[in-house]
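Engineer: Build the 3D model from these lines:
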Amino acid sequence: MFILYFIAGVVTWTILEYALHRFLFHLEPSPKYPMLVTFHFLLHGQHHKVPFDSGRLVFPPAVASILAVCYYIIIGFCLEVGKAQALFAGTVLGYVCYDLIHYYLHYGKPSFSYFKMLKVYHVKHHFEDKDRGFGISSPIWDMPFGTQLDLTNKE
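Structural biologist: Model prediction:
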């Protein structure tokens, strides 16, 4: 039973990745709040401004830790301890895989077709259409939410 919660945690990460990237990282804060604009820029704007800065690829650890603790508290109230821990562990594994894949997409030379496609997808998000292509480790949630990028060449 716990393996199912672990797998559910990995799947949960994929929707969290999409939602955080789309609704938090690409939020456009009002210029009336300069501190919020600065915070948002440091959180993700700098990554889009300089996408090959290796110091800006991983989600800031302090912010990630705060979000992880909040997530664990919420699921801890909803589930028995062992199930919450299994779900949390799966979600953390999903996050670690996301970070590794994101780094690889920026600096690696993919040889497998899936990762080649992801690299093209992510580069297109950075340089052609920042309002689409929010899935980093997988474009799975871009499809149902209508934010998928078109990877066909129209030349």
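
Engineer: Roughly how far does the spatially most central residue of the chain sit from residue 23?
Structural biologist: Centrality entry for the chain: nearest residue to the mean C-alpha point is residue 17, 3.3 Å, by Cα atoms, centre = their mean. Distance, residue 17 to residue 23, by Cβ to Cβ, to the nearest Å: 11 Å. Every residue, glycine included, has its C-beta placed from N, CA and C.

Engineer: ditto for residue 103
Structural biologist: Distance from residue 103 to residue 23, by Cβ to Cβ: 23 Å.

Engineer: who has more neighbours, these two?
Structural biologist: Just comparing residue 103 and residue 23: by other Cβ atoms under 10 Å the higher neighbour count belongs to residue 103, 13 against 10.

Engineer: May I see the buried residues of stretch 122-134?
Structural biologist: Going by neighbour count (16 or more other Cβ atoms under 10 Å), the buried part of stretch 122-134 is 122, 124-125, 132-134.

Engineer: Now intersect these with the helices, please.
Structural biologist: With DSSP state H as the criterion, helices contain 122, 124-125 from among the buried residues of stretch 122-134.

Engineer: okay, these in TSV with distance to residue 107 next?
Structural biologist: Putting those into TSV (distance: Cβ to Cβ, whole Å) gives the following:
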residue	distance to residue 107
122	12
124	17
125	16
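
Engineer: Quick one: residues contacting the nearest residue to residue 136 once chain neighbours are set aside.
Structural biologist: In this structure, residue 136 finds its nearest non-sequential neighbour in residue 102, 5.2 Å apart by Cβ to Cβ, 6 or more residues apart in numbering. Contacts for residue 102 (Cβ atoms under 8 Å, 6 or more residues apart in numbering) come out as 57-58, 122, 136-137.

Engineer: what helix or strand is residue 102 on?
Structural biologist: According to DSSP states H and E, residue 102 maps onto helix 81-107.

Engineer: For that helix, buried residues please.
Structural biologist: For helix 81-107, the neighbour count (16+ other Cβ under 10 Å) marks 83-88, 90-92, 94-95, 97-99, 101-102, 104-106 as buried.

Engineer: Tell me which helix or strand comes right after the worst-scoring helix or strand of the chain on mean pLDDT.
Structural biologist: Least confident element among the helices and strands of the chain, by mean pLDDT, DSSP states H and E: helix 46-49 (a mean of 62). Under the assignment DSSP H and E, the closest C-terminal helix or strand after helix 46-49 is helix 61-78.
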